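1. Turn this into a structure:
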Amino acid sequence: MHGHNGHRCSLGNFARHAAAKKVALELAAAVPGVSGIVDRLHVVPAQPMDDGTVRNHVCDAFIQEPVLQTCSIQVQNRHQTVTIRESPGEPVGLIEVAVEDGVVTLNGQVPSLSYKRLAGVLAWWVPGSRDVINGVEVVPLQEDNDDEITDAVRLVLEKDSFVNASQIRVSTRQAVVTLEGLVATAKEKDMAEADAWYVFGVDKVVNTLVA
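-> So this is what the prediction gives:
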């Protein structure tokens with residue numbers, strides 16, 4: 001996983017658990033007669049952290065991310081809202097961060113799905129995150145589609161310094177992402193797959209990367 005200093009902790013089991021969580025929710029939703037799901041599944045964090053540390057790392061990641069430079073950043077802490085960064089001029093968006101028992105909850109408003117998806121992945125990359133609940137609204141409302149998901153996965157792979165995105169082809173069909181191409185190691189293959197799973201709206205990842 002990514003830390004605020006650019007290092008990555010042990011990934012394999014964490015990535016598989018995150019994927020298993022999504023698959024479990026999808027299977028539960030497919031059961032006839034199921035009208036709603038209460039999600040209490042959380043993954044084991046790659047690195048134990050207290051909530052304050054997780055929150056600080058998430059905020060640091062948002063502040064350092066150029067795409068989110070126009071967004072104001074706020075944190076919810078003990079029923080208080082604290083502004084970490086005010087956007088210069090007219091803010092394009094607002095992201096609110098709260099962490100409880102390692103579960104990161106994001107709220108607020110951003111101008112595009114790519115902002116929402118990137119914020120979610122940055123939160124997942126914090127080693128202490130057990131889950132990310134991405135409640136950020138897109139205003140004005142933007143229709144989602146496979147091309148939007150593909151663009152988001154490509155963006156995330158390009159921002160992952162542990163993955164050579166230039167060697168990876170991404171395609172999406174009905175929210176199923178397929179990764180093709182060459183990677184240097186099996187670990188890089190796992191990292192690329194994890195990045196795709198972390199993107200909001202992805203239902204399945206088909207990893208055909210060759211190491």
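2. Would you indicate which residues of stretch 141-153 are buried?
-> Buried residues in stretch 141-153, counted by 16 or more other Cβ atoms under 10 Å: E148, I149, T150, D151, A152, V153. Bear in mind the C-beta positions are built from the backbone N, C-alpha and C, glycine included.
3. now swap in stretch 63-74 and tell me
-> Quick answer for stretch 63-74 (16+ other Cβ under 10 Å): V67, L68, T70, C71, S72, I73, Q74.
4. Dump those residues to a markdown table, plus secondary structure.
-> Formatted as a markdown table, the buried residues of stretch 63-74 follow (DSSP: H, G, I helix; E, B strand; the rest coil):
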| residue | secondary structure |
| --- | --- |
| V67 | helix |
| L68 | helix |
| T70 | coil |
| C71 | strand |
| S72 | strand |
| I73 | strand |
| Q74 | strand |
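5. now, which of the buried residues of stretch 141-153 sits nearest Q174?
-> Checking those against Q174 with Cβ to Cβ, the nearest one is I149 at 9.9 Å.
6. Verify the contact between that closest one and Q174 for me.
-> No. I149 is not in contact with Q174 according to Cβ atoms under 8 Å; the separation is 9.9 Å.
7. Now, the buried residues of stretch 141-153 that are in helices?
-> E148, I149, T150, D151, A152, V153 (DSSP state H).
8. and the second one, what does it touch?
-> So the one you mean is I149. T172, A175, V177, V199, G201, V202 (Cβ atoms under 8 Å, 6 or more residues apart in numbering).
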